[in-house]
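> Predicted model, plus sequence, below.
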Protein chains: 2
Amino acid sequence: MRQPVALQHASRLVNHGPTVLVTTEHQGRRNIMAAAWSMPVEFTPPRVAIVVDKKTFTSDLLQASGCFAICLPVPALADITYRVGSESGRDGGDKFARHGIATFAGPQLGLPLVEGCCAWLELRRIPEPHTEAAYDTVFGEVVSAQADDRVFAQGRWSFRDDNAALHTLHHLGGGAFAVPSRVVQGRSH
Amino acid sequence: MRQPVALQHASRLVNHGPTVLVTTEHQGRRNIMAAAWSMPVEFTPPRVAIVVDKKTFTSDLLQASGCFAICLPVPALADITYRVGSESGRDGGDKFARHGIATFAGPQLGLPLVEGCCAWLELRRIPEPHTEAAYDTVFGEVVSAQADDRVFAQGRWSFRDDNAALHTLHHLGGGAFAVPSRVVQGRSH
């Protein structure tokens, strides 16, 4: 079930390179897109970099509101993830409504978080106009983190056969997502 | 076997968030480290962002030479990946020699690329002093790309049971790596 994650563990949620859903809201308009390109840049404070094309409606809302959320979809959300990554929210009305995407409010910023994901982060944009302009790369600081404790607990992911429905998605291209269902343990000595 | 990858497909190699080995060389000194934090930022030209702690020897060599390589380790390299990510190359001599890591020369820059990986990129640093200082985030442009065609061909990863030894690693923390062995296909309609 959904549980808070200590902020010093928040970067672990995206350490392994999952594709994410980015949600934004500003003055009653909201949007959702998929992003395969994100990474942590710091554990403490927890900071993330993510590529958001400046031509997108998500970028408009992110710039206007100064915040965004990251939700980690699971295999049952592969279709939704592919679809919201393939269409713009600028012209076609609310993408949540169009795709029947249920949300709940984020605990710190009230952003729309997607039901049925396995982890959720709310972030405040760290203004870096040059990097945003040159590389579409937005930096953010995590202000809330939550995860489903059946798959992430005590600051660690645990991907097992019995929680396969809660594993993350990693976009390979063309809507094909790899799922990190096998785990190998490296030995330090 | 190892084959060239067209540069317009190079960003696909790291699209799904693999942990990578970063190699560098300058004036006869070379180093290798592991990095879980990297992402593409552009397909054309192929550009990548990667977090390299500015206190590392890798950062010294990268700054001095203006280039670096990214190699994608496979499950058999999990121990090596964990170890080279846990120790510095500044004081202890050559980490390749210490760990018995075989290399071959990169085709464009001559950088040491790690044998037994499943993909290899050579990159030139794009100087971004502020981002490097504030976030340890280095931008690079890919100038050569190669992959093992048993797992990446025609610009696409193909993770199957029969090539499981060539799958990528995705660091979960503490030397545990998830392996993207299952694939789900999202439908666009």
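Yes, it's here.
> could you check whether the helix or strand residue A:144 falls within is close to chain B?
Taking DSSP states H and E as the definition, one finds residue A:144 inside strand A:137-148. Yes. Strand A:137-148 comes into contact with chain B (C-beta under 8 Å from any C-beta of the partner chain), by way of A:137, A:139. Using the backbone N, CA and C atoms, a C-beta is placed for each residue, glycine as well.
> How about that strand, which residues are buried there?
In terms of neighbour count (16 or more other C-beta atoms under 10 Å in any protein chain shown), strand A:137-148 has its buried residues at A:137, A:138, A:139, A:140, A:141, A:142, A:143, A:144, A:145, A:146, A:147, A:148.
> For the second one, name its beta-bridge partners.
It refers to residue A:138. When assigned by DSSP bridges, residue A:138 has beta-bridge partners residue A:50.
> do the last one as well
Residues in a beta bridge with residue A:148, per DSSP bridges, are residue A:2.
> all helices of chain A, in order?
A:57-65, A:78-84, A:95-99, A:129-135 (DSSP state H).
> Tell me which of the ones you listed lies nearest to residue B:97.
Of all the helices of chain A, helix A:129-135 sits nearest to residue B:97, with 36.2 Å by C-beta to C-beta.
> Show me how far the closest one is from its chain's centre.
In this view, helix A:129-135 has its centroid 20 Å away from the chain centroid, taken as C-alpha atoms, centre = their mean, to the nearest Å.
> any idea how far residue A:84 lies from chain B?
The gap separating residue A:84 from chain B is 10 Å, by C-beta to the nearest C-beta, to the nearest Å.
> Pretty sure residue A:22 is one of the things that residue touches, is it not?
No. Residue A:84 lies out of contact with residue A:22 (C-beta atoms under 8 Å); the separation is 9.2 Å.
> what's the overlap in contacts for those two?
Here residue A:84 and residue A:22 have A:32, A:33, A:34 as joint contacts, going by C-beta atoms under 8 Å, 6 or more residues apart in numbering or on different chains.
> Could you dump these into JSON lines with neighbour count added?
Shown next, in JSON lines, are these (neighbours: other C-beta atoms under 10 Å in any protein chain shown):
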{"residue": "A:32", "neighbour count": "28"}
{"residue": "A:33", "neighbour count": "24"}
{"residue": "A:34", "neighbour count": "21"}
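> okay, the residues you listed in a markdown table with distance to residue A:111 next?
Converted to a markdown table, these look like this (distance: C-beta to C-beta, whole Å):
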| residue | distance to residue A:111 |
| --- | --- |
| A:32 | 11 |
| A:33 | 13 |
| A:34 | 16 |
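> Switch the residues you listed over to JSON lines; also include pLDDT and distance to residue B:159.
Shown next, in JSON lines, are these (pLDDT from 0 to 100; distance: C-beta to C-beta, whole Å):
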{"residue": "A:32", "pLDDT": "97", "distance to residue B:159": "27"}
{"residue": "A:33", "pLDDT": "97", "distance to residue B:159": "25"}
{"residue": "A:34", "pLDDT": "97", "distance to residue B:159": "20"}
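> what's the closest of those residues to chain B?
Minimum separation from chain B among the shared contacts of residue A:84 and residue A:22 (C-beta to the nearest C-beta) is found for residue A:34, which lies at 9.4 Å.
> Neighbours of the closest residue to chain B within chain A, how many?
Closest to chain B within chain A is residue A:17: 1.1 Å, counting by C-beta to the nearest C-beta. Close neighbours of residue A:17, defined as other C-beta atoms under 10 Å in any protein chain shown, add up to 31.
> residues contacting it?
So residue A:17 contacts A:39, A:170, B:16, B:17, B:18, B:19, B:36, B:39, B:170 (C-beta under 8 Å, 6+ apart).
> can you pick the most crowded of those residues?
When neighbours are taken as other C-beta under 10 Å, the top entry among those is residue B:17 (30 neighbours).
> For that residue, give its distance to residue A:77.
Distance of residue B:17 to residue A:77, given as C-beta to C-beta, to the nearest Å: 17 Å.
> Let me see the contact set for residue A:145.
Residue A:145 makes contact with A:4, A:5, A:6, A:7, A:9, A:10, A:13, A:46, A:119, A:120, A:121, A:122 under the criterion C-beta under 8 Å, 6+ apart.
> Any idea what the residue nearest the centre of chain A is bridged to?
Residue closest to the average C-alpha location in chain A (C-alpha atoms, centre = their mean): residue A:70, at 2.6 Å. With DSSP bridges as the criterion, residue A:70 is bridged to residue A:22, residue A:121.
> just checking, it touches residue A:121?
Yes. Contact criterion C-beta under 8 Å: residue A:70 and residue A:121 qualify, at 4.4 Å.
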